[in-house]
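Enquirer: Build the 3D model from these lines:
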Amino acid sequence: MLQSQEEGPRIVCKKCKRTVSVNELKKIGEQWICFSCYENVNFFEQAREKMMKQKGIQEVKQEIKTEQIIEKAKSKNEVRKYQCMDCSYKFTSGVFNEESMCPLCGEKGSVRWIQD
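Expert: You can find the predicted model right below:
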């Protein structure tokens, strides 16, 4: 098979080690990789970003829920100070029980009421 003049020189992709035309390469940092590898890298980066955004949304929802519990407890004068026995996080909230989850580390059953 003849190589066309328009294709240009062929270079080895740093990721998959295939020899491809210069026109089929994309620069990532200091390395040149083929379009196929670039699409895979780009896919995983987008999936990671989506997961991080989702995690951020979940954290915001948890913060809102915690604030709602505090406001409800304040109206009933039930606000207390608590500490997580796993991560030592101290916080103020409504009534927690032995099965409550730490708002910082998420550990269940580690939250204890502390007196002033």
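
Enquirer: make it CA atoms for all contacts and neighbour counts henceforth
Expert: Noted.

Enquirer: From Thr92, how far off is the most centrally placed residue in the chain?
Expert: Note on the chain: the residue nearest the mean C-alpha position is Met52, at 2.9 Å, using C-alpha atoms, centre = their mean. According to C-alpha to C-alpha, to the nearest Å, Met52 and Thr92 sit 27 Å apart.

Enquirer: Could you do Arg10 as well?
Expert: 64 Å.

Enquirer: just Lys53 next, same as before
Expert: Taken as C-alpha to C-alpha, the span from Lys53 to Thr92 is 27 Å.

Enquirer: Looking at those two, which has the bigger crowd around it?
Expert: Thr92 (15 against 12; other C-alpha atoms under 10 Å).

Enquirer: Next, the more buried one: phi, psi?
Expert: Per-residue torsions, Thr92: phi -110, psi 130 (degrees, to the nearest 10).

Enquirer: List the contacts of the nearest residue to it once chain neighbours are set aside.
Expert: Computed as C-alpha to C-alpha, 6 or more residues apart in numbering, the closest residue to Thr92 that is not its neighbour in sequence is Lys81, at 4.4 Å. Contacts for Lys81 (C-alpha atoms under 8 Å, 6 or more residues apart in numbering) come out as 90-93, 113-116.

Enquirer: Could you report the neighbour count for Val111?
Expert: Other residues near Val111 number 26, with proximity taken as other C-alpha under 10 Å.

Enquirer: Contacts made by the helix or strand where Trp32 lies with the rest, please.
Expert: Assessed by DSSP states H and E, Trp32 sits inside strand 31-34. If you take C-alpha under 8 Å, 6+ apart as the criterion, strand 31-34 is touched by 13-16, 20, 24-27.
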